[in-house]
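Peer 1: Sharing a model that was predicted from the sequence below.
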Amino acid sequence: MYNFVGRSFPRHDGFAKASGLAEFTFDIEVPGMLYGRILKSPYAFARVGRIDTSSAEALGAVALTPDDVPDKLFNPRLLSVEEDTYKDWRVLAKVPRYVGEPIAAVAAPTEDTAQRALEALRVEFEEIYDPILDPFKATSPTARPIHERILRGGRWVEVRNNIAAELRYSEGYLETEEERSSVVVERKFHVPRRYHTQLEPKGAVCKLEPDGTLVVWTTTQTIHNTKILISQVYGIPMNRIDVRKVPLGGGFGSSIHTNLVTLIAVGLCLKSRKPVKLVLTREEDMVHDHVSFEFYMRVRAGATKDGSITFGELENVIDVGAHQVQAYPILGTSLGWFISLYKWRAVRYYGRSVYTNKVPSCAIRGYGAPEITWAVETVVDELAEELKIDPLEFRLANYRGKGEIFWGQGPTVKSVIRSDGVPELMARGSELIGWKRRESPKVKTGRFRRGIGVGRGFHTSGAGGPLSGAIIDYTGAIVKVNEDGSVDYITALQDHGGGTLDAHAKIIAEELKIPPSRVRIVWSGTSTTVYDVCTHASRGVFAGGEAARRAALEVKKKVLEYASRILDAVSPEALRIEYDRELDDAAIFVEGAPDKRITLSEVARTAWQRNWGSISASVSYRATVAPPSFTVYFVEVEVDTETGVVRPIKVVAGADVGTVISPELAAGQIHGGFAIGWSWAVGDEVSYLENGVPAHRMSLADYKLPTSMDLPSDDDFVVVFASTYEPYGPFGAKGLGEAASNPVIAAVANAIYNAIGVRLYEIPMTPERILRAIKGGD
Amino acid sequence: MLSINAFNTYRIPQQLKYFKPGNLQEALEILESVEGAKVIAGGTDLVVDLKYRRVEARALVDISRLSELRFIKLGDGYVEIGSAATIREIAESGVVKEKLPLLAEAAESLGSWQIRNLATVGGNLCTASPAADTAPPLLAYDAELELVSSRGVRIVPLGKFFTGPKKTVIERAEILRSVRVPLTPRTYGWCFIKLRRTSFDIAKVSVAVLLRVEGGFVADVRIALGSVAPTPVRARSAEKLAIGLKFEDAVRVASERVAGDISPIDDARSTAWYRLQTSKVLVKDAMWRAYERFLGAGAWR
């Protein structure tokens, strides 16, 4: 058994965060620093003429206009390989394409001066166009092009009918399969734009070192891609940019790409030659910076009388807003999730990403999986009902499990499933929720009606694979044993706040047999770390943890080699290593020879004193698979049929994450995953007025998130971990972050249906919508 | 609409003078003499409005620490609450809990713990949000307001205080001194309920009910609602029709007829249609809950 893996330890940053000592981007102060502000376009679609900066400069501010920054197209996200990277962004826009698009910026010695300077900028608009807000009207041939041409890699591409990207795919003989089907269900689904509500609004602080090196602290899920993008846009050599890692107040996908605020802060810093801090307000972050994708889905699927699924068809229109972050990749992952959910014998897919004059969309926790899973799990429930087959049996008979191919992050990321806890989670979950007492909605009466629903989902663990593919996915780790036996762990991999790096420390500790508290997580930068692509795709523990383990393994080999010199063993292979509880250190020893025993600390000290050299390792690691983590959620809700209000009664959240590295943190991820999923299912959405201004949603006062009072209490929230082992993961572990939220909308929607007997195909399922559905059904 | 670039919610973007008068008289003098002066107590609404530049002010007169305004007093036949009493003080006051349980229930549900610590009943009323949580219970209790200025004192029934969303009869140089709530000698049941998007939110609909039943018939019922009209309102026609009926019939009639007393609109929190539907449900629910309490021991005196 393990010494540390699977046990709970205090987090390395727990005290600092709980006491307010942890420094986030917002907290960083550099002497002589200027404060930046961004001039946001008040129009959804316009052409900027002259910008008069003289009044702003008279106040002592530095002004940055489109003419001050390189006229270079880019995509802020660098995860796709160059030839699949669609570039349509500029640092500052001469043609703003959404309300809030940065046109100019100022920096001044105080926040108040900066604000006054911002208000003193005079912008002439040469043209103001009618905004295009509807993704179906946008593709009309008479619609004004939002972009005329963009770059794909280094190649110019004409944009036709405002279609940002398209993807078609088919396999098998759909018509034949449809003929074989005894039931076919076809439904349309709508998912609106939602705000990520990451805890920390986006921001950046930049300064120039005396030697000209640009130092950047920023809210990002990837410091190395931030470095590369700054280098590409501003033409600075990469070794002259040091993007420092700072604690991140959550990302949920909103900082997979480099934030525009970072590039603008760099521009202000380079122009003023002074340190600059630029932090968005919460309102700017939520109204003008980013939202999730909006989906219009049509799903058609069939099954035979004996309950085997025949075909699946998905039409997927995504409103991406004014610029591409993942307009093309999201079409591939949507297909990947769809195809990997069930053993369709034939599949047809058409995906289309469309430009509109709205805030650019980017990935939100699950990257399309929660939305696709909701649609598919709804149709699957309906198929089972029509066939009069228990929905659990129907799923077990048809899902893609062990030995099947999992598509992970799309057509170029395929893996064979080697660990699968679905049957166990279905069995234990149905027992705990009381699936047997689940009744048909037809027999339910009274004002308050309860319903039980199931949703099965998954997420990939990273975007690795045996072939290089369209996505970049590798990571790195440096492990260094100090001269007293303490260990430094240096990685570029970002922890969003979920405790990913604590899991890594534990993995290193497990490999070296030293207590996790002996491993210090070093806050480093791009200059002192090797490349990590990004903390996304639930890869932090799976890919990053394995890199850490491999670095620790190399260090262990060195420790054993040095120990064999000290202990006079014939070779390092003759030695064993174990955690010595009494000494709270790793002990290296020869079995059966009590005097041949030495601690790791003594080995480190000896290597130093005898000039043997440092004990350290630097590893770069690419995972060759991206295994799915399965989640099976059972939810019981109560619907007030007179007000439409839905209340969660009980949740049984089952997760197959392989070996659980940190049970408490993993359970926390599951609680958080449910909370965000619940908010998508029944909570809020971002909508727009005709002029492209977000409607009513100017602040957190009007974009509501569930509080702890709106969620099930701990007693009514049961977390179940499957007993699986993933052969490719560190000590058998897989990812969790996104799997934790992916089946939630589906389970909640199926529970609401089971309560009231009416299905809603639009989220959020607000009390208004539920009440209308109930009244309409009378 | 102000340009989206005209505010920065990390700052109050206007230069403000700040006054902290030592007594009410001084506060009134400053308010009278300083142009653009506004009264601030808890600031939970005003500071937000200043940040968004929905309100322009040149000076703030802070009355939150004036002991003359920060009290809860049991008088002969009435309870008087100083305008600077915080919502938390009201929610936790023994006098309010015993004599005005409907107000205590509403105060306890207002905002969050942090907001209740700062917000005052005076601010809640003077901001004149249709959703103000203390308004429906105080309307049901037929509360009166004492407004003072350097020219003197006037008493305004709460029912005549609100004139529209964010509008009242208060004049620029007037300060709300206190809220006076008359006590009736008989026993009433009470209930305050509201619908919200989450448990920390401004109400979509709120309902306050005071109820007295004699021999199965409604002897008196007072129904007030929030967020369903330009101001918090009493449902006078529903009340009138319900009084004298058997309780069950009164519930049905009041719940149906409340529609005629309200005029809900669509906004960020809800739709007019939904507010109308749920006002009926909430009136019914609140009357039943008030009835249960009336039958129970803890009824209002």
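Peer 2: That came in fine, so what should we check first? Keep in mind that this is a model prediction, so the values were computed, not measured.

Peer 1: who's in contact with whatever residue of the stretch 301-450 of chain A ends up closest to chain B?
Peer 2: Minimum separation of the stretch 301-450 of chain A from chain B (CB to the nearest CB) falls at A:Arg447, amounting to 9.1 Å. All C-beta atoms are positioned from the backbone trio N, CA, C, and that covers glycine. Neighbour list for A:Arg447: A:640-642 [criterion: CB atoms under 8 Å, 6 or more residues apart in numbering or on different chains].

Peer 1: Whichever residue of chain B sits closest to chain A and A:Val416, how far apart?
Peer 2: Of all residues in chain B, B:Ala268 sits closest to chain A, at 3.3 Å by CB to the nearest CB. Distance of B:Ala268 to A:Val416, computed by CB to CB, to the nearest Å: 49 Å.

Peer 1: more neighbours, the two?
Peer 2: B:Ala268 (16 against 12; other CB atoms under 10 Å in any protein chain shown).

Peer 1: Quick check, pLDDT for the more buried one.
Peer 2: On pLDDT, B:Ala268 comes in at 87.

Peer 1: what's the answer for A:Thr460, then?
Peer 2: At A:Thr460, pLDDT is 96.

Peer 1: give me the low-pLDDT residue ranges for chain A?
Peer 2: When residues are selected by pLDDT under 70, those of chain A lie in A:696-697, A:777-778.

Peer 1: That one against chain B: which residues are in contact?
Peer 2: A:37, A:39-40, A:42, A:99-100, A:111-112, A:115-116, A:118-119, A:279, A:281-283, A:287-288, A:642-645, A:683-684, A:695-699, A:701-702, A:704-707, A:709-710, A:767-768, A:771 (CB under 8 Å from any CB of the partner chain).

Peer 1: show me what contacts the residue nearest the centre of chain B?
Peer 2: Centroid check for chain B by CA atoms, centre = their mean gives B:Ala135 as the closest residue, at 2.2 Å. Listed by CB under 8 Å, 6+ apart, the contact partners of B:Ala135 are B:124-125, B:158, B:162, B:224, B:226, B:231-232.

Peer 1: Just flag the most distant two among these.
Peer 2: B:Asn124 and B:Ala224 (14.2 Å; CB to CB).

Peer 1: List phi and psi for the closest residue to A:Thr528 other than its chain neighbours.
Peer 2: Spatially, and ignoring its direct neighbours in sequence, A:Thr528 is nearest to A:Ile490 (6.5 Å; CB to CB, 6 or more residues apart in numbering or on different chains). As for A:Ile490, its main-chain torsions (degrees, to the nearest 10) stand at phi -120, psi 120.

Peer 1: what residues are up against A:Ile490?
Peer 2: By CB under 8 Å, 6+ apart, the neighbours of A:Ile490 are A:477-480, A:522, A:524, A:528-529.

Peer 1: Looking at those, which one is closest to A:Tyr728?
Peer 2: Closest to A:Tyr728, out of all of the contacts of A:Ile490 and judged by CB to CB, is A:Ala477, at 16.6 Å.

Peer 1: burial count for residue 97?
Peer 2: Using chain A. 28.

Peer 1: The chain in question should be chain B.
Peer 2: By other CB under 10 Å, neighbour count at B:Lys97 equals 17.

Peer 1: now A:Thr110
Peer 2: 12.

Peer 1: from memory A:Val106 sits against A:Ala58, does it?
Peer 2: No - between A:Val106 and A:Ala58 there is no contact under CB atoms under 8 Å: 11.8 Å.

Peer 1: When those two are compared, which one has more neighbours?
Peer 2: A:Val106 (29 against 10).

Peer 1: what's the helix or strand for that one?
Peer 2: strand A:102-108 (DSSP states H and E).

Peer 1: cool, and A:Gln669?
Peer 2: Under the assignment here (DSSP H and E), A:Gln669 is part of helix A:663-682.

Peer 1: Just the buried residues of that helix, please?
Peer 2: A:665-667, A:669-682 (16 or more other CB atoms under 10 Å in any protein chain shown).

Peer 1: Could you list every helix and strand in contact with it?
Peer 2: strand A:646-656, strand A:717-721, helix A:744-756 (3 or more CB pairs under 8 Å, 6 or more residues apart in numbering or on different chains; DSSP states H and E).

Peer 1: So the closest residue to A:Leu73 other than its chain neighbours versus chain B, what's the distance?
Peer 2: The shortest distance from A:Leu73 to any non-neighbouring residue, by CB to CB, 6+ apart, is to A:Lys87 (4.2 Å). According to CB to the nearest CB, to the nearest Å, A:Lys87 and chain B sit 27 Å apart.

Peer 1: Contact partners for A:Lys87?
Peer 2: Per CB under 8 Å, 6+ apart, neighbours of A:Lys87: A:73-75, A:150-152, A:324.

Peer 1: so, if you compare the residues you listed, which one comes nearest to chain B?
Peer 2: A:Gln324 (23.6 Å).

Peer 1: Ignoring the adjacent residues along the chain, who's closest to the closest one?
Peer 2: A:Tyr86 (4.5 Å).

Peer 1: beta partners for the one you found?
Peer 2: A:Arg152 (DSSP bridges).

Peer 1: Any idea how many residues pack against A:Ser334?
Peer 2: Residues near A:Ser334, counting by other CB under 10 Å: 26.

Peer 1: Tell me who's in contact with A:Phe26.
Peer 2: Here A:Phe26 is in contact with A:200-201, A:203, A:279 (CB under 8 Å, 6+ apart).

Peer 1: okay, those residues in JSON lines with secondary structure and neighbour count next?
Peer 2: Shown next, in JSON lines, are these (DSSP: H, G, I helix; E, B strand; the rest coil; neighbours: other CB atoms under 10 Å in any protein chain shown):
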{"residue": "A:Glu200", "secondary structure": "coil", "neighbour count": "23"}
{"residue": "A:Pro201", "secondary structure": "coil", "neighbour count": "20"}
{"residue": "A:Gly203", "secondary structure": "strand", "neighbour count": "24"}
{"residue": "A:Val279", "secondary structure": "strand", "neighbour count": "25"}
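
Peer 1: Dump those to JSON lines, plus distance to A:Ser538.
Peer 2: JSON lines is the format used below for these (distance: CB to CB, whole Å):
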{"residue": "A:Glu200", "distance to A:Ser538": "20"}
{"residue": "A:Pro201", "distance to A:Ser538": "24"}
{"residue": "A:Gly203", "distance to A:Ser538": "25"}
{"residue": "A:Val279", "distance to A:Ser538": "28"}
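
Peer 1: what about the strands in chain B?
Peer 2: Ranges of strands in chain B, per DSSP state E, are B:17-19, B:37-40, B:59-62, B:72-74, B:78-82, B:144-149, B:152-157, B:162-164, B:167-168, B:175-182, B:189-195, B:205-214, B:217-226, B:233-234.

Peer 1: now stretch A:572-579, how far from the centre of its chain.
Peer 2: 40 Å (CA atoms, centre = their mean, to the nearest Å).

Peer 1: With stretch A:465-484 instead?
Peer 2: Worked out by CA atoms, centre = their mean, stretch A:465-484 lies 19 Å from the chain centre.
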